[in-house]
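> below is the sequence, then the predicted model.
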Amino acid sequence: ACTSGSDDDSTLTVCTNVPFAPFEYKDGDEYVGFDMDLMNRLADRLDQTVEVVEISFESISSGEALNAGTCDIAAAGLSITEERQDAMGMSQAYYRADQALVVPTGSAVASLDDLSGLQVAVQSGSTGEAYANDNAEQYGFEVRAFESMGDIASALSTGAVGASIADLATWNEMIETASDLQLVQTIETAEHYGFAVQKDDTELLDEVNTMLDEIFADGTYAELYEKWIGE
Ligand code: GLN
C-alpha cells in the first residue's frame with residue numbers, strides 16, 4: 001500500500017506488540033513467532049521483505065495505527081470482533097483463542113469467584129480488558145490496564161496486582177519460564193485471531209486471505225502450528 005509508513009514498495013510494514021509469545025516476541029534483535037512466520041510467507045508472495053513496527057497494542061486494536069498509515073498490516077494475536085471489522089479490514093480466522101486467569105504462585109485465588117476486592121491486570125485495548133470490564137462488578141474486582149504483557153507479568157510478580165486475565169496460549173508460554181506465576185482458570189471466550197489491514201486495502205486483504213487458504217491446504221499451517229504452539 002502506498003500510504004504505508006515505509007513508501008518503499010519492496011517493504012511490508014507489520015505493526016505488532018511484544019512480548020506475545022508464541023505469536024510474536026523478540027529473539028535478540030529479531031521478531032519471531034507464529035504470526036511472524038505467516039507475515040514472512042505473505043511478504044514472499046508479494047516479493048517484499050518484512051519490516052516490523054513495534055507499537056502499543058491499543059493503537060493496533062483500535063485501528064488507529066493502520067488507518068494513520070503507520071504500517072501495511074497488523075500481526076498481533078488480534079481477535080476478530082465486530083468493532084474491529086468496522087474499523088479495519090480483517091482477514092479470515094487463523095487461530096482459535098480463549099482467555100485465562102493467572103495469579104502469583106501460592107495465591108489463594110483459584111477462580112473468578114475469588115477475585116473480590118482484588119486488582120486484575122489486563123492489556124490495554126484487548127478482548128481480555130473487555131471481558132474484565134464486563135465482569136468486574138459481578139465478581140467485585142477492579143480492572144487495571146497495562147501497556148504490555150511484560151508489564152503485566154512484572155505487576156503480578158511484585159504483587160502490585162492480584163491476578164490477570166489475558167490470552168490463554170500466551171499465558172501458557174509465559175508461565176513456562178515464570179515459576180512465580182500460575183494459571184488457575186481457563187475462560188472460554190471462543191475468539192479467533194485475524195490479521196488486520198487498512199480499512200480500504202482490499203488488495204492486501206485478498207493477498208492475506210489467499211496466503212491463508214494456501215497454507216491451510218498445503219500443510220504449512222499444520223507445520224507452523226506444531227512448531228510454535230504444539231498439539
Ligand atoms: N487477542 C487479544 C485481543 O485481540 C489480545 C491480543 C494481544 O494482547 N496481543 O484483544
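Yep, that arrived.

> what stretches of the protein score poorly on pLDDT?
Counting by pLDDT under 70, the chain shows low-confidence ranges at 1-7, 231.

> show the contacting residues for the spatially most central residue of the chain.
With distances taken as CA atoms, centre = their mean, the residue of the chain nearest its centroid is residue 77 (2.7 Å). Going by CB atoms under 8 Å, 6 or more residues apart in numbering, residue 77 touches 20, 23, 24, 35, 95, 97, 167, 170, 193. All C-beta spots, glycine's among them, are computed from the backbone N, C-alpha and C.

> just flag the most distant two among those.
Using CB to CB, the contacts of residue 77 span at most 14.0 Å, a distance reached by 24 and 97.

> who has more neighbours, the two?
Between residue 24 and residue 97, residue 24 has the larger neighbour count (other CB atoms under 10 Å), namely 24 against 21.

> if I look at that one, how far off is residue 86?
24 Å (CB to CB, to the nearest Å).

> again with residue 17
21 Å.

> before we move on, the earlier item: relative to the ligand, how far out is the residue nearest to the centre of the chain?
4 Å (CB to the nearest ligand atom, to the nearest Å).

> which strands and helices lie in contact with the strand ranked longest in the chain?
Criterion DSSP state E: the longest strand present in the chain is strand 181-193. Applying 3 or more CB pairs under 8 Å, 6 or more residues apart in numbering; DSSP states H and E, we find strand 181-193 packed against strand 95-104, helix 127-139, helix 149-158, helix 168-176.

> which other helices and strands does the host helix or strand of residue 15 contact?
Per DSSP states H and E, residue 15 falls inside strand 11-16. For strand 11-16, the contact count by 3+ CB pairs under 8 Å, 6+ apart identifies helix 34-46, strand 49-54, helix 57-61, strand 73-74 as packing neighbours.

> would you format these as a markdown table with mean neighbour count and distance to the ligand included?
Listed next are the helices and strands packed on strand 11-16 as a markdown table, based on neighbours: other CB atoms under 10 Å; distance: least, CB to the nearest ligand atom, whole Å:
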| stretch | mean neighbour count | distance to the ligand |
| --- | --- | --- |
| helix 34-46 | 20 | 9 |
| strand 49-54 | 16 | 12 |
| helix 57-61 | 23 | 5 |
| strand 73-74 | 30 | 10 |
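
> got a markdown table for the ones you listed, with distance to residue 105 too?
Conversion of those to a markdown table gives the following (distance: least, CB to CB, whole Å):
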| stretch | distance to residue 105 |
| --- | --- |
| helix 34-46 | 27 |
| strand 49-54 | 30 |
| helix 57-61 | 26 |
| strand 73-74 | 33 |
